[in-house]
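1. Build me a structure from this.
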Amino acid sequence: FDITARNLTIWNDVAHSLFVGHFGDPDAPRTISDVTFENINVVNFDEDDPMWDGVMSIYSGNATLIKNVVFSDINVHRIEEGRLFNIVAGQTKLTIVSAQANKRPGRGIDGVTIRNISFDGDGMPGRSIISGLAPGTEVRNVRIQNLRIGGRRVVSAAAAGIDIGPEVKNFTIH
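-> Residues are numbered from 1 along each chain as shown. Okay, the predicted model is just below:
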């Protein structure tokens, strides 16, 4: 809890840029909270694993609850492979297969603020995902404010290329 990463320039080559979650202790559930990423330039992003392929990612697995995450003032210049956002609570077929890393679904994600994000539009990103994937998991209270893609302000999930999956409550973009 209470983690801040700021004033960074990042170049990813098959790695994660800004990632919260996944690992935990399913026998002693944990909460990750109050995590902030701010004033960050992602020069290049390249991740071909669909479980981890978001420039800004949150994954709640292994009985972990994730609360109050902020991504603020982030500029993404190029996405070779991957997505802009990948916010998932639950357990997928991929994580069940890799049971050594994720033995139980997460307990959800609550409180995500994404503000002043700019993607220059260079590269071929996949569609972003915000989704709870299993019964009993939810992604709650996600606010996107001032998202710019290719120099244009985006005010809808469809225009931003974001797929809103099941178990998402109180999502706003403006």
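
2. show me where this structure has strands.
-> Counting by DSSP state E, the chain has these strands, from start to end: 3-11, 18-21, 31-46, 54-60, 65-81, 83-89, 108-123, 128-132, 139-149, 152-154, 162-164, 168-173.

3. To Asn102, which of those strands lies closest?
-> Among the strands of the chain, the nearest to Asn102 by Cβ to Cβ is strand 54-60 (8.7 Å). (C-beta placed from N, C-alpha, C; glycine too.)

4. any idea how far that closest one is from the chain center?
-> 3 Å (Cα atoms, centre = their mean, to the nearest Å).

5. repeat for stretch 127-144
-> 10 Å.

6. what pLDDT, on average, does that stretch get?
-> Confidence for stretch 127-144, expressed as mean pLDDT, is 91.

7. Just the buried residues of it, please?
-> For stretch 127-144, the neighbour count (16 or more other Cβ atoms under 10 Å) marks 128-133, 137-142, 144 as buried.

8. which one of those residues is nearest Arg104?
-> Taking the buried residues of stretch 127-144 together and measuring to Arg104 by Cβ to Cβ, the closest member is Thr137, at 10.4 Å.

9. Spatially central residue in the chain, please.
-> Most central in the chain under Cα atoms, centre = their mean is Ser57, positioned 2.3 Å from the mean C-alpha point.

10. ok, Leu8 - contacts?
-> Contacts here follow Cβ atoms under 8 Å, 6 or more residues apart in numbering; on that basis Leu8 touches 39-41.

11. Just the buried subset of the residues you listed, please.
-> Burial by neighbour count, 16+ other Cβ under 10 Å: within these this picks out Ile40.

12. In JSON lines, list the contacts of Leu8 along with distance to Lys67 and pLDDT.
-> Converted to JSON lines, these look like this (distance: Cβ to Cβ, whole Å; pLDDT from 0 to 100):
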{"residue": "Asn39", "distance to Lys67": "22", "pLDDT": "98"}
{"residue": "Ile40", "distance to Lys67": "21", "pLDDT": "98"}
{"residue": "Asn41", "distance to Lys67": "27", "pLDDT": "97"}
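
13. Show me which of the contacts of Leu8 is closest to Ser33.
-> When these are compared against Ser33 (criterion: Cβ to Cβ), the nearest one is Ile40, at 20.0 Å.

14. distance of the closest one from Gln145?
-> Note on Ile40: its distance to Gln145, by Cβ to Cβ, to the nearest Å, is 16 Å.

15. likewise Ile109?
-> From Ile109 over to Gln145 the distance is 18 Å, taken as Cβ to Cβ.
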